[in-house]
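> give me coordinates for this.
(one chain, ligands or ions: 3)
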Amino acid sequence: MNVTAAPAPTAFASVDLLVLTVVDPPRPLTGPAPRADRLLEGVISRAIGDEEITGKSGEVTLFHTPPSPGSADTSPRRVAVVGVGDGSDHLDWRAAGEAAAKAAGKLKAETVTLAAAPSHGPVELGAFVDGFGTGAYRFVKFKSDADERPEVQLTIAGGAAAPADLEHAALTVDAVNRARDLANSPANHMTPLDLADHAMSLAADIDGLECEILEEPELEKLGAGALLSVARGSELPARMIVLRYEPSTVAREGEMLGIVGKAVTFDTGGISIKPSGGMEEMKLDMAGGAAALEGAALIARLGLPIRMVCAVPSAENMPSGTATKPGDVVTAMNGKTIEVINTDAEGRLIMADALAWLTTQGATRLINFATLTGAIVVALGEVYAGLFGSDDEWLEDVRRAGDASGDLSWPMPLHERYRPLIESGVADLANAAKKRQAGAVYAGMFLKEFTGELPWCHVDIAGTGMIDGKGTGFGVRLLLALGQQLSLGK
Ligand code: BES
Ligand code: MN
Ligand code: ZN
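Ligands and ions are numbered 1, 2, ... in the order given. Got it, this is the predicted structure:
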């Protein structure tokens, strides 16, 4: 997205929309606000006095400015007053940015300026930019009659954020929105091959980031029988998409972050086919992979001093004459045999090989994102992702990064006493339990079998990564926050 920093007085130049912020409860107007109030002949202070403007996070009140005397119009055409709550929570600033973007979109504004005050620092203004850029997101690639909206030019006038802080927020916006695009793209436009091409283009663009695509012959050689078994029903081949990042300096010697994301480009369920109602949403079953790739690329683009390897297993889960059948036994890369009880539990199969592979690639800790189970949607809805882990400290690090970034995740249990759920009468493990209980835990217990001795966290984003049939980009900001924590040795 386009954002520039400008000196405070430029806020009142001719723009389509000038944005002002107010806190809840409103305080006497300071900074740029009194001037805007004068421009509007006192209606802002009157609206505050009448409690029509409360400062509540995400509240927007729009005003037209009176025509300026003379011919040259040098004042903003409209003023939006947006609430930022008590002003201390960056998520309220993000909500304010989102609200401003929605208003700007409706008005078809091309130029928007936030009149910031000296007390507004990089955290507040970065969050506003984040909200503005992600709030303006639309997925209209396939609409032939979508109204053409030029990219909005956002200016932050005044405030105490450096241009680099705003640029950082703008790059985050681009990464989150690209992850949404990847997930939202219909499965006939976003195959494992298309996703691999996307990863290649990310790497081509970013210093120190390398991309490698493992194709089927290579996957056969590696023994990735679980991943390959999922692709068997499709005309499309499986891929393991790999990004590696080697920064020029590293914060923690000997550490390498391993990231995995599930990228099932369409999940019909396979032979254990899903009901047809709502099945179209399963084009989003690659949201974890999209977040992993975009989050990893963002960490690299910002040059964070952490070594990283990211593996995204990708396949299409289809029924056909060549598809894996219930009862088939496949062998994962770490040698464990799996009885495929339910071909719709395919996510854990492709993730198994990716996790096992990362244990051989020098990763010292692992995190994965996956739209893995309907059960986590029942348990936690669209607010918290499910967080599972094999190491308390690492789990707490991830939880904290989630809280800081707004990508919330809630700790869920793993315990040996759940172990009978993943046992098979025929093979080492079964991919689906005979008992209908603890479905999200069961999937976590299964993944853990492939993580060796490494500290590992699994983030089940089935509820948070896709909401109302749309990708959210959940995980990108969490990964960035985690990368920042690791960079600071925190
Ligand atoms: N991709 C689905 C999980 C899912 C469901 C994501 C709803 C988003 C919304 C996954 O592959 C799946 O089908 N899981 C099954 C597992 C079961 C067969 C053990 C599920 O959760 O029902
Ligand atoms: Mn499935
Ligand atoms: Zn799935």
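> need the phi and psi values for the residue in the stretch 151-300 of the chain that ligand 3 sits nearest to.
Residue of the stretch 151-300 of the chain nearest ligand 3, by Cβ to the ion: Asp267 (3.7 Å). All C-beta spots, glycine's among them, are computed from the backbone N, C-alpha and C. Main-chain dihedrals, Asp267, degrees, to the nearest 10: phi -120, psi 100.
> now Thr472, nearest residue through space, not along the chain?
Gly465 (5.9 Å; Cβ to Cβ, 6 or more residues apart in numbering).
> how about Leu154: what's its closest non-neighbour residue?
In space, Leu154 comes closest to Val3 once its chain neighbours are excluded; the distance is 4.6 Å by Cβ to Cβ, 6+ apart.
> wait, I meant Gly471
Ala183 (2.9 Å).
> wait, that neighbour touches Leu284, no?
Yes - Ala183 is in contact with Leu284 according to Cβ atoms under 8 Å; the separation is 4.9 Å.
> intersection of neighbour lists for those two?
Residues touching both Ala183 and Leu284 by Cβ atoms under 8 Å, 6 or more residues apart in numbering: 465-466, 471.
> the residue of the stretch 1-150 of the chain found nearest ligand 3 sits in which helix or strand?
The stretch 1-150 of the chain approaches ligand 3 most closely through Phe139 (20.8 Å), counting by Cβ to the ion. Assessed by DSSP states H and E, Phe139 sits outside every helix and strand.
> tell me the mean pLDDT over stretch 436-451?
Regarding stretch 436-451, the rounded mean pLDDT is 97.
> now tell me what touches it from outside.
Looking at stretch 436-451 with Cβ under 8 Å, 6+ apart, the contacting residues turn out to be 332-334, 336, 345, 347-348, 351-353, 355-356, 359, 366, 368, 372-376, 379, 386, 388, 390, 412-414, 418-419, 421-422, 429, 431, 433, 456, 458, 460.
> take the residues you listed and keep only those in helices.
Among the contacts of stretch 436-451, the ones falling in helices (DSSP state H) are 347-348, 351-353, 355-356, 374-376, 379.
> can you list the low-confidence ranges for the chain?
69-74, 490 (pLDDT under 70).
> tell me where the longest strand sits in it.
Ranked by number of residues, the top strand in the chain under DSSP state E is strand 308-317.
> helices and strands around that strand, which ones?
Strand 308-317 is packed against helix 192-205, helix 225-231, strand 239-245, strand 257-261, strand 263-267, helix 287-301, helix 347-358, with contacts defined by 3 or more Cβ pairs under 8 Å, 6 or more residues apart in numbering; DSSP states H and E.
> close to ligand 2: what parts of the stretch 301-450 of the chain are there?
344, 346 (Cβ under 5 Å from the ion).
> coming back round to it: most neighbours among the shared contacts of Ala183 and Leu284, please name it.
Gly465 (32 neighbours; other Cβ atoms under 10 Å).
> secondary structure class of the residue lying closest to Glu316 once chain neighbours are set aside, three-state.
For Glu316, ignoring the flanking residues on the chain, the nearest one in space by Cβ to Cβ, 6+ apart is Ser234 at 4.0 Å. Here Ser234 is coil, with the state taken from DSSP: H, G, I helix; E, B strand; the rest coil.
> ok, Ser234 to Ala101 distance?
From Ser234 across to Ala101, the span is 38 Å (Cβ to Cβ, to the nearest Å).
> please apply the same query to Leu355.
37 Å.
> what of Thr472?
As judged by Cβ to Cβ, Thr472 and Ala101 stand 16 Å apart.
> so who does the residue in the stretch 251-400 of the chain positioned nearest to ligand 1 touch?
With Cβ to the nearest ligand atom, the shortest gap between the stretch 251-400 of the chain and ligand 1 falls at Gly374, namely 3.5 Å. Residues near Gly374 by Cβ under 8 Å, 6+ apart: 439, 462.
> flag every buried residue along the longest helix that the chain contains.
In the chain, assigned by DSSP H, the helix with the most residues is helix 163-184. For helix 163-184, the neighbour count (16 or more other Cβ atoms under 10 Å) marks 165-184 as buried.
> how many other residues sit next to the closest residue to ligand 2 within the stretch 251-400 of the chain?
Across the stretch 251-400 of the chain, the shortest distance to ligand 2 (Cβ to the ion) belongs to Asp344, at 3.9 Å. A total of 21 residues lie near Asp344 under the criterion other Cβ under 10 Å.
> now it: closest residue in space, sequence neighbours ignored.
Nearest to Asp344 is Gly269, by Cβ to Cβ, 6+ apart, at 3.8 Å.
> measure that neighbour to Ala323 for me?
10 Å.
> quick check: neighbours shared by the two?
By Cβ under 8 Å, 6+ apart, the residues touching both Gly269 and Ala323 are Thr343.
> comparing these two, which residue is more hemmed in?
Ala323 (21 against 18).
> you'd agree the residue of the stretch 151-300 of the chain closest to ligand 3 is up against Ala345?
No - counting by Cβ under 8 Å, Asp267 sits too far from Ala345 to count as a contact (10.3 Å).
> list the contacts of the residue nearest to Glu316.
315-318, 320.
> quick one: buried ones out of those residues?
315-318.
> residues in contact with Asp89?
Neighbours of Asp89 in contact, by Cβ under 8 Å, 6+ apart: Ser57.
> for Ser424, which non-adjacent residue is closest in space?
Per Cβ to Cβ, 6+ apart, closest to Ser424 is Ala430, 3.7 Å.
> so what's the one you found bridging to?
For Ala430, the beta-bridge partners are Glu339 (DSSP bridges).
> how many other residues sit next to it?
That count, for Ala430 with other Cβ under 10 Å as the rule, works out to 22.
> how much space separates it from ligand 3?
Computed as Cβ to the ion, to the nearest Å, the Ala430 to ligand 3 distance reads 17 Å.
> quick one: contacts for that residue?
Counting by Cβ under 8 Å, 6+ apart, Ala430 has contacts 338-339, 341, 422-424.
> can you rerun that using 10 Å?
Applying Cβ atoms under 10 Å, 6 or more residues apart in numbering to Ala430 gives the contacts 329, 338-342, 345, 421-424, 442, 446.
> next one: Val81
Neighbouring residues of Val81 by Cβ under 10 Å, 6+ apart: 18-22, 26, 33, 36-37, 40, 43-44, 47-48, 52-53, 55, 59-63, 100.
> again, but for Glu215
By Cβ under 10 Å, 6+ apart, the contact set of Glu215 is 192-193, 196, 237-240.
> need these in JSON lines with neighbour count and distance to ligand 2, can you?
Formatted as JSON lines, these follow (neighbours: other Cβ atoms under 10 Å; distance: Cβ to the ion, whole Å):
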{"residue": "Pro192", "neighbour count": "27", "distance to ligand 2": "16"}
{"residue": "Leu193", "neighbour count": "15", "distance to ligand 2": "21"}
{"residue": "Ala196", "neighbour count": "23", "distance to ligand 2": "21"}
{"residue": "Pro237", "neighbour count": "17", "distance to ligand 2": "19"}
{"residue": "Ala238", "neighbour count": "23", "distance to ligand 2": "15"}
{"residue": "Arg239", "neighbour count": "27", "distance to ligand 2": "18"}
{"residue": "Met240", "neighbour count": "27", "distance to ligand 2": "19"}
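> thanks a lot, catch you later.
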